[in-house]
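Visitor: Predicted model and sequence follow; I will ask about them next.
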Amino acid sequence: MAEPLAGRCALVTGASRGIGRAIALKLARDGADVVVSYFRHPALAEETVAAITALGRRATALRADLGEPDDIARLCQAAGTFLGGIDILVCNVAFGVLRPALALEVKHWQRTLDTMGRSLLLLAQAALPWMEGRGDGRIISLTSLGSHRVIPSYAAVGAAKAVLDTLTRYLAVELAPKGIIVNAVAGGVVDTDALRALPEAATLLEAARQRTPLGRVGRPEDIADVVALLCRPEARWIVGQVIVADGGYSLLA
């Protein structure tokens, strides 16, 4: 069976569960060795590592708070050392305060922007020494339709996702000459444990299913497949784009 990412080294943040875990496993199935970054769920991170090593890949779990610059620097240093370099960096952070804009406190705003928006910039800066010169590198962030559409109580998260969209374009232009391609993926409504923890999850999921032309909501594997496609050599001409993968959800007004 072909392994399009054989020999590649990947760092995936937020990979203990949900979309991040699906991405880590998909990259491993395609041949990559993977560092699993996590913050709150060490047991789940180790389960992800075990699943990757069962595929015959190298893997380890590293804890990092992506809202802390020192943690990001340590994470990239440790990941690069373990892997012997970094070819693929996936910035996937599931954090944010869900409140209407006028109910947000400064601490909510700052923590959300730091953890989800600023982390892409700092990860790219810290990973660059481990990526540069290896050829055909990839940086992919997970963004959201909420970066340009209004979603109730999503103001801080939407603003942070808009930062990711913008940084994707700027980093793409700066890093393409170094052989590193930067893109983002916006996945629409995806059925994850984090989403199901919301009080209105069942209503939200059913509304999304009814609105989606494909007749279902997204699964973590749907997003992982798109990320993996962007990591393949055949995707090298896609640069600085936010790829919407939502089953057609955003096509309807």
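Guide: Done, it's in. Numbering: from 1, shown residues only.

Visitor: for stretch 243-253, what is the average pLDDT?
Guide: Stretch 243-253 carries an average pLDDT of 91.

Visitor: Pull out the buried positions in it.
Guide: Residues of stretch 243-253 classed as buried under the neighbour-count rule (16 or more other C-beta atoms under 10 Å) are 243-247, 249. (Each C-beta comes from the backbone N, C-alpha and C, glycine too.)

Visitor: can I have it written out in CSV, keeping just the CAs?
Guide: Coordinates of each C-alpha in stretch 243-253 appear next as CSV, following Å, rounded to 0.1, in the frame of the first residue of the first chain:
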residue,chain,number,x,y,z
ILE,A,243,-9.8,25.3,2.3
VAL,A,244,-13.4,25.0,3.3
ALA,A,245,-14.4,21.4,3.9
ASP,A,246,-18.0,21.4,5.2
GLY,A,247,-20.0,19.1,3.0
GLY,A,248,-21.5,22.2,1.3
TYR,A,249,-22.9,23.7,4.5
SER,A,250,-21.6,27.2,3.8
LEU,A,251,-23.1,27.3,0.3
LEU,A,252,-26.6,27.9,1.6
ALA,A,253,-27.7,31.3,3.0
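
Visitor: neighbouring contacts of it?
Guide: Outside of stretch 243-253, the residues that reach it under the criterion C-beta atoms under 8 Å, 6 or more residues apart in numbering are 145, 149, 183-189, 208, 211-214, 216-218, 222-223, 226, 230.

Visitor: Quick one, which of these are buried?
Guide: Listed as buried from these are 145, 183-189, 208, 211-212, 217-218, 222-223, 226, 230; burial here means 16+ other C-beta under 10 Å.

Visitor: what's the pLDDT at S153?
Guide: At S153 the predicted local distance difference test score is 82.

Visitor: what helix or strand is V35 on?
Guide: Applying DSSP states H and E as the criterion places V35 in strand 33-38.

Visitor: That strand pairs with which strands?
Guide: Taking DSSP bridges as the criterion, strand 33-38 sits next to strand 9-12 (parallel), strand 59-63 (parallel) in its sheet.

Visitor: The helix or strand following the first one versus strand 33-38: what angle between them?
Guide: Scanning the chain past strand 9-12 towards its C-terminal end, the next helix or strand to appear is helix 18-29 (assignment: DSSP H and E). Relative orientation of helix 18-29 with respect to strand 33-38: 170 degrees, computed using axes from the mean of the first three to the mean of the last three C-alpha atoms, to 10 degrees.

Visitor: so what does helix 18-29 touch, helix or strand wise?
Guide: The helices and strands touching helix 18-29, judged by 3 or more C-beta pairs under 8 Å, 6 or more residues apart in numbering; DSSP states H and E, are strand 9-12, strand 33-38, helix 42-53, strand 88-91, helix 220-231.
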